[in-house]
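# Pasting the sequence and the predicted coordinates here, then a few questions.
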Amino acid sequence: MSRALVLHLGLIAVLFAAAFLLPAYHHGNLARIMVLAVYAMGYNILFGYAGLLSLGHAMFFAAGMYGMGLTVRYWDWPMILALPFGTLAAAALALLVAVLALRTAGVAFMIVTLMFSQAGFLVILYFNPITRGDEGFVIPQAARRLAGLDLSDPMNRYLAALVLFSVVLLACHRLVLSRLGRVLVAIRENEERARLLGYDVWAHKLGAVVLSGSVAGAAGAAYGALFGSVGASFAEVPFSILPLLYVLAGGAGTVIGPFVGTAFMFYLRDLAGTVTDAHMLVAGAALIALTLFARRGLMGLVRARWAGWLP
Amino acid sequence: MTKSATSKVGRRAVLAGLGAAAAMPGLTRYVQAQSSEPIRIGFQVHRTGIGAAYGRWYDRTSKAAVKVINAAGGINGRPIELVTEDDGTDPKRGAEVVEKFATAHRADVVFGTLFSHVVIGSAPRAGELKLPYFVVSEGHHVASGMLNRYTLQPGITDVKSQVQAMAPFVADNLGKKVAMIFPDFAFGHDHRDFFSAAIAKQGGEVVAKIAIPPTESSFTKYFARIPRDTEVLYHVMVGPAVLTFVKEMGEFFGASRPEIFGFLDSLEAVDLATPGLEFLDGTYFWEGNPRYAQADQSAHDKFFREAVGVDANGASVSDAKDVSTYSHMFGCWETLHVIKAGMEAAGYQGPADRAKLIEAIEAMGPMAESRAHPQGAKRFNGKTHQTFGHQFISQVEGGRLVLRHRTSIEDTLYPDEVDYTTRPL
């Protein structure tokens, strides 16, 4: 068993133990952090490994959330169907966006994804009679059951978040060590050279966008199911910036970095908010400090200094 | 012998027990909790984000209410301690803040949320945590049955009751052919749907429903869609483009305008003397509570203004340019007084009594106009968890709002859409 696999399994074991040891407040926070970290891991597939900077990932998160929420709200679908449907909805949207957005690159790709995301947000508002627009809607507690478990129960919620987080973490670990993952890194490092080597760059990028969007969608569906509400604010531009911050803080192109970054930014926001209203100023200062002193993020720094084997 | 020995041991045990009890901080704390430990009220406030202007005044009003309540002996003799957290006017952070109040701050109850999307994002967590959650939002979400047994709105009326209560005045005094301009999101759609139904009952009709996209910054092209035979223009706009909206409306209509009726949500925290708003002179507004002290101002409103630090023009006594959100902020004051009354009725001692508190508030009915309810009398509906009260219609006259009509509470009532009391605690 490789050191990297031991590390990732160790993290899962620590998080499992934490379910029984943490006080209620941090227990709840960690459940939320794990789901948001899944969102960030999805983002990291595209940004950290394929080198494509999207400013519109909130549309995939929201597609998953609304795909799950609307089927529960209008058709009383059980979670066992609604959660995968949300993920599929995000995958389909990602495929559509990828086909169009991958005609561009660099800054243009950022702008096109931003515009698509804004269009997605406006679609939610436009279909207000169905989506309840900006207000959103509540997923009734009775509908939040999976395999007989009440997802609104703190322990069930935590363990459900842990299962999703573990599956995505190990899948990402597997992905980056696979041929596909290595080709994505090759494209990130030198797209022309990858093409010259005979790889279909466009198809690999397409796959990366769809995979990344699907994981973001799974996070969105899970977030709505675990925390009980669906809303358009999860489709707004700031929610597209969050996974970028999480990944930059934790370390782009590291499997464990998105979790570290999400936890770091979550608690930074939480603690700063108790000291000052200008909590975003504190977050900004922390990001500037990271940019100056740990340009590759926290886990990027660890990899550069102490653990070159870190995937 | 046996008796003596038993007696000796017993005396020692009693003494040791008393000594240990005196040294046990936990027990001391428990005893104190019954007498003087503060009631911790979590205040979820929009300090940042789009709701910051409201949040600033909700904060001032709540602190003033706590000061008044504490000066009068607190709740059951215990002072209120307000624990404040900023939710950034963001539903995601709102839910996190509710969890923080419950598990980190150990708050007894939470109150204060205004924006509907934040309420809807936060309320499910409050329900799961069985944490009484008092919103000051005026959204119809509580009374619609969307939320849960632990979420209540006892201090401010909801948009459905406000809007329907306007229809009789509009139809009788301004006209029966109404064109509506509203923002194209849930808040605007509530106005569209509730008012359309209400004006139809008065024999009127909505001749145009013009939705403004939320990202819009220029409005003239929308005014061109208003039918020529419109007698009343009903507008409810929010956000930073309000001033542009009013200015362009003035340029479009000039002197030949229809009657204009709006909701003051458009101009909360905005000085009516702001250049560009002159066009509003002679138009009508709904107010939740008259911003300008009226000639027949009640003693309770006078007391409320002084306690919060608001002058007769609805601005801060320390800065005349700092205009309050007077149509909404009384809701914080009244909600805190309802919490006090509910806790006292329930004999509230601590979190174990939260269910009793909910039941005590559900049992409340009429609330008389008083220092606790300076906006006016209320009628709380325990089944729908929503309060009902008077609404005000004012006319702009010389840059001031002058009260023209005060609705009855009956004008605001509608059939129950939910009975929360049937849901488990």
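Looks like it arrived, so ask away.
# Show the pLDDT at residue B:12.
We have a pLDDT of 53 for residue B:12.
# And the one 10 residues further on, by the same measure?
Reported pLDDT at residue B:22 in the predicted model: 43.
# how far away is the closest residue in space to residue B:397 that isn't next to it in sequence from chain A?
Distance criterion Cβ to Cβ, 6 or more residues apart in numbering or on different chains; nearest residue to residue B:397, sequence neighbours excluded, is residue B:281 at 7.0 Å. All C-beta spots, glycine's among them, are computed from the backbone N, C-alpha and C. Distance from residue B:281 to chain A, counting by Cβ to the nearest Cβ, to the nearest Å: 32 Å.
# check contacts around residue B:281.
B:396-399 (Cβ atoms under 8 Å, 6 or more residues apart in numbering or on different chains).
# Show the pLDDT at it.
The model reports residue B:281 with a pLDDT of 90.
# tell me the phi and psi of it?
Main-chain torsions, residue B:281, degrees, to the nearest 10: phi -60, psi 130.
# Just give me the neighbour total for the residue in the stretch 51-200 of chain B that chain A sits nearest to.
Chain A sits closest to residue B:124 of the stretch 51-200 of chain B, with a gap of 3.2 Å, by Cβ to the nearest Cβ. Residues lying near residue B:124 (other Cβ atoms under 10 Å in any protein chain shown) number 25.
# Chain neighbours aside, what residue packs nearest to it?
residue A:228 is the one closest to residue B:124 (Cβ to Cβ, 6+ apart), at 3.2 Å.
# Now do the strands in the stretch 251-400 of chain B.
When assigned using DSSP state E, counting those that start in this stretch, the strands of the stretch 251-400 of chain B occupy the ranges B:259-263, B:284-287, B:315-316, B:319-323, B:366-367, B:378-381, B:386-389, B:392-397, B:400-406.
# Which strands or helices does the second one pack on?
For strand B:284-287, the packing partners by 3 or more Cβ pairs under 8 Å, 6 or more residues apart in numbering or on different chains; DSSP states H and E come out as strand B:259-263, helix B:326-346, strand B:392-397, strand B:400-406.
# Leaving aside the residues adjacent along the chain, what's closest to residue 132?
All of this refers to chain A. Distance criterion Cβ to Cβ, 6+ apart; nearest residue to residue A:132, sequence neighbours excluded, is residue B:186 at 5.7 Å.
# Please refer instead to chain B.
residue B:109 (4.2 Å).
# could you dump stretch A:207-226 to CSV, C-alpha only?
Output in CSV follows, covering the C-alpha atoms of stretch A:207-226 (Å, rounded to 0.1, in the frame of the first residue of the first chain):
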residue,chain,number,x,y,z
GLY,A,207,-14.2,14.4,-19.9
ALA,A,208,-12.6,16.5,-17.2
VAL,A,209,-15.4,19.1,-17.4
VAL,A,210,-18.1,16.5,-17.2
LEU,A,211,-16.4,14.6,-14.4
SER,A,212,-15.7,17.8,-12.5
GLY,A,213,-19.3,19.1,-13.0
SER,A,214,-20.7,15.7,-12.0
VAL,A,215,-18.8,15.7,-8.7
ALA,A,216,-19.8,19.3,-8.0
GLY,A,217,-23.4,18.3,-8.8
ALA,A,218,-23.2,15.4,-6.4
ALA,A,219,-22.1,17.8,-3.7
GLY,A,220,-25.0,20.1,-4.5
ALA,A,221,-27.5,17.3,-4.3
ALA,A,222,-26.0,16.0,-1.0
TYR,A,223,-26.0,19.5,0.4
GLY,A,224,-29.7,20.1,-0.2
ALA,A,225,-30.6,16.6,1.1
LEU,A,226,-28.4,16.9,4.3
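# still on that earlier bit, gap between the residue of the stretch 51-200 of chain B closest to chain A and residue B:99?
Residue B:124 is 11 Å from residue B:99, where distance means Cβ to Cβ, to the nearest Å.
# Around the residue nearest to residue A:132, count how many other residues there are.
26.
# Tell me if I'm right that it and residue B:115 touch.
No: counting by Cβ atoms under 8 Å, residue B:186 stays clear of residue B:115, with 10.8 Å between them.
# Okay, buried residues for stretch A:107-115 please.
The neighbour-count check on stretch A:107-115 (16 or more other Cβ atoms under 10 Å in any protein chain shown) flags A:109-110, A:112-114 as buried.
# How about stretch A:147-156?
Neighbour-count burial for stretch A:147-156, counted by 16+ other Cβ under 10 Å, picks out A:151-152, A:154, A:156.
# Span of it from start to end?
Distance across stretch A:147-156, first residue to last, is 11 Å (Cα to Cα, to the nearest Å).
# So which of the buried residues of stretch A:147-156 is the closest to residue A:142?
Distance to residue A:142 across those (Cβ to Cβ) is lowest for residue A:152, with 9.5 Å.
# contacting residues for the closest one?
Taking Cβ under 8 Å, 6+ apart, we find residue A:152 in contact with A:141, A:144, A:228, B:124, B:128.
# how many neighbours does the third one have?
Around residue A:228 sit 26 other residues, with neighbours defined as other Cβ under 10 Å.
# How about the first one?
Other residues within reach of residue A:141 by the criterion other Cβ under 10 Å amount to 17.
# That one and chain B, how far apart?
Residue A:141 sits 7 Å away from chain B, going by Cβ to the nearest Cβ.
# Return the residue of chain A that is most distant from the centre.
Here chain A reaches farthest from its C-alpha mean at residue A:196, the gap being 31.9 Å by Cα atoms, centre = their mean.
# Could you find the closest non-adjacent residue to residue 212?
Just going to use chain A. residue A:46 (3.8 Å).
# wrong one, chain B
residue B:183 (5.5 Å).
# Give me the phi and psi for residue A:219.
Phi and psi for residue A:219, reported as degrees, to the nearest 10, are phi -60, psi -40.
# Three-state assignment for the residue nearest the centre of chain B, please.
The centroid of chain B falls nearest to residue B:136 when counting by Cα atoms, centre = their mean (2.6 Å). Classification of residue B:136 using DSSP: H, G, I helix; E, B strand; the rest coil returns coil.
# Now do it against residue B:395, distance only.
Going from residue B:136 to residue B:395 by Cβ to Cβ gives 27 Å.
# Near chain A, which residues of the stretch 101-250 of chain B are found?
The stretch 101-250 of chain B comes close to chain A at residues B:102-104, B:116-117, B:120-121, B:123-125, B:127-128, B:139, B:141, B:146-148, B:184-187, B:189, B:213-215, as judged by Cβ under 8 Å from any Cβ of the partner chain.
# Among the residues you listed, which are located in helices?
Among these, the members found in helices (DSSP state H) are B:102-103, B:116-117, B:120-121, B:123-125, B:127-128, B:186-187, B:189.
# Same list, the helices and strands packed on strand B:284-287, but as a markdown table with mean pLDDT please.
A markdown table is the format used below for these (pLDDT from 0 to 100):
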| stretch | mean pLDDT |
| --- | --- |
| strand B:259-263 | 92 |
| helix B:326-346 | 97 |
| strand B:392-397 | 95 |
| strand B:400-406 | 95 |
